[in-house]
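> below is the structure, and that's it, no one-letter string:
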Ligand SMILES: O=C(O)c1cc(=O)[nH]c(=O)n1[C@@H]1O[C@H](COP(=O)(O)O)[C@@H](O)[C@H]1O
């Protein structure tokens, strides 16, 4: 999917919501556990109830890998279900990969070719030759950690090298890489005060912004400082939406939470047009 297609979907739905499919068998409704593939059934119900309110889904692969083969199969069924039924929705494999070049190529093949995701998250620590293999894939997007939502972000990412914060080096340096137009960046919603500086370095890039909902980030502040004239934001909420209820009404309750966020987004978008 191209960024133009993503932007037009955002305009059509008046939403830049990404729903995180971080499925934990201890948190989903008990009645689903009797089914053959509870993880997939949970995802399917959430997707059916929310697809008109969001433009992206982001399964975090940890929540699937934790269940071994059956988890990986559920991930595969989920992405196939999305691609077959909602090809207009942007899909993110939140895997935070990145390794020496030939290994990164294999990671990229796993998520872009075998699983056919539109994008994958990567960590920048190993540098250019660990990320360019992902960028080589046409019509795919590589979403690199810049400034993360957790408190550990201050351990390294905001530390200064040559009087400049490391996350700024990451943003500036990555812009020089081959096919860097296929890069997007992760910036945590909990760090809204940093968005102005970030937009000075990457004015046109899409930013994936996790951390609203369960982690306490503020949607209004993120929009105020992070939005560009193409919107340029995908705001993710996982637990705050998918675990709105752990009873039989879980999907409709998730849809209510998603609707609240979508309506807030629609109000913000109205002020732009
Ligand atoms: O790359 C991510 O998506 C990510 C980066 C970051 O800085 N912080 C962060 O929370 N995430 C992911 O975003 C999701 C947030 O989930 P909730 O806090 O439940 O909304 C999880 O899948 C995290 O792994």
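Right, received. Where do you want to start? Keep in mind it's a predicted model, so treat the numbers as computed, not measured.
> residues from the stretch 1-150 of the chain in reach of the ligand?
Within reach of the ligand by C-beta under 6 Å from any ligand atom, the stretch 1-150 of the chain has these residues: 20, 22, 60, 94, 121, 148, 149, 150. (Glycine included, C-beta is placed from N, CA and C.)
> mind giving me the ChimeraX command for buried ones among the residues you listed?
Entered in ChimeraX, the line below selects the buried ones among those, by 16 or more other C-beta atoms under 10 Å:
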select :20,22,60,94,121,148,149
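> pLDDT added to the residues of the stretch 1-150 of the chain next to the ligand, as a markdown table?
Formatted as a markdown table, those follow (pLDDT from 0 to 100):
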| residue | pLDDT |
| --- | --- |
| 20 | 98 |
| 22 | 98 |
| 60 | 98 |
| 94 | 98 |
| 121 | 99 |
| 148 | 98 |
| 149 | 97 |
| 150 | 97 |
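> ok, residue 248 to residue 271 distance?
To residue 271, residue 248 is 38 Å away according to C-beta to C-beta, to the nearest Å.
> neighbour count: those two, which is higher?
A count of neighbours by other C-beta atoms under 10 Å puts residue 248 above the other of residue 248 and residue 271, at 12 against 8.
> am I right that the more buried one is in a helix?
No. Under DSSP: H, G, I helix; E, B strand; the rest coil, residue 248 falls outside any helix and is assigned coil.
> give me the residue from the stretch 51-200 of the chain nearest the ligand.
residue 148 (3.1 Å; C-beta to the nearest ligand atom).
> ok, and the closest non-adjacent residue to that residue?
In space, and not counting its chain neighbours, residue 148 is closest to residue 188: 5.2 Å by C-beta to C-beta, 6 or more residues apart in numbering.
> that neighbour: neighbour count?
23.
> surely it touches residue 147?
Yes. Contact criterion C-beta atoms under 8 Å: residue 188 and residue 147 qualify, at 6.2 Å.
> can you list residues touching both of those two?
residue 153 (C-beta atoms under 8 Å, 6 or more residues apart in numbering).
> strands of this structure, start to end?
Ranges of strands in the chain, per DSSP state E, are 17-20, 56-58, 90-97, 119-122, 141-147, 160-161, 164-165, 183-187, 207-210, 233-237.
> out of the ones you listed, flag the one nearest residue 65.
When those are compared by C-beta to C-beta, strand 90-97 sits nearest residue 65, at 8.9 Å.
> what parts of the stretch 151-273 of the chain come near the ligand?
Contacts of the stretch 151-273 of the chain with the ligand, taken as C-beta under 6 Å from any ligand atom, map to 186, 188, 210, 211, 213, 214, 215, 236, 237, 238, 239, 240.
> so what's the second one up against?
This points to residue 188. Contacts for residue 188 (C-beta under 8 Å, 6+ apart) come out as 147, 148, 149, 150, 153, 209, 210, 211, 215, 217.
> can you report how many residues lie near the nearest residue to residue 99 once chain neighbours are set aside?
Spatial nearest neighbour of residue 99, excluding adjacent residues (C-beta to C-beta, 6+ apart): residue 130 at 5.9 Å. Neighbours of residue 130 under the rule other C-beta under 10 Å: 20.
> next: residue 34.
For residue 34, the neighbour count with other C-beta under 10 Å is 8.
> so where do the helices sit in this protein?
Under the criterion DSSP state H, the chain contains helices at 3-13, 38-50, 62-65, 68-85, 101-108, 128-135, 153-156, 166-174, 195-201, 219-226, 239-242, 250-272.
> just name the most buried of those.
Across those, averaging neighbours per residue (mean count of other C-beta atoms under 10 Å) puts helix 239-242 on top, at a mean of 23.
> for residue 138, what are phi and psi?
Backbone torsions for residue 138, taken as degrees, to the nearest 10, come to phi -70, psi 140.
> OK, contacts around it?
Residue 138 neighbours (C-beta under 8 Å, 6+ apart): none.
> can you check residue 65 too?
Contact analysis of residue 65 by C-beta under 8 Å, 6+ apart lists 71, 72.
> what of residue 164?
Counting by C-beta under 8 Å, 6+ apart, residue 164 makes contact with nothing.
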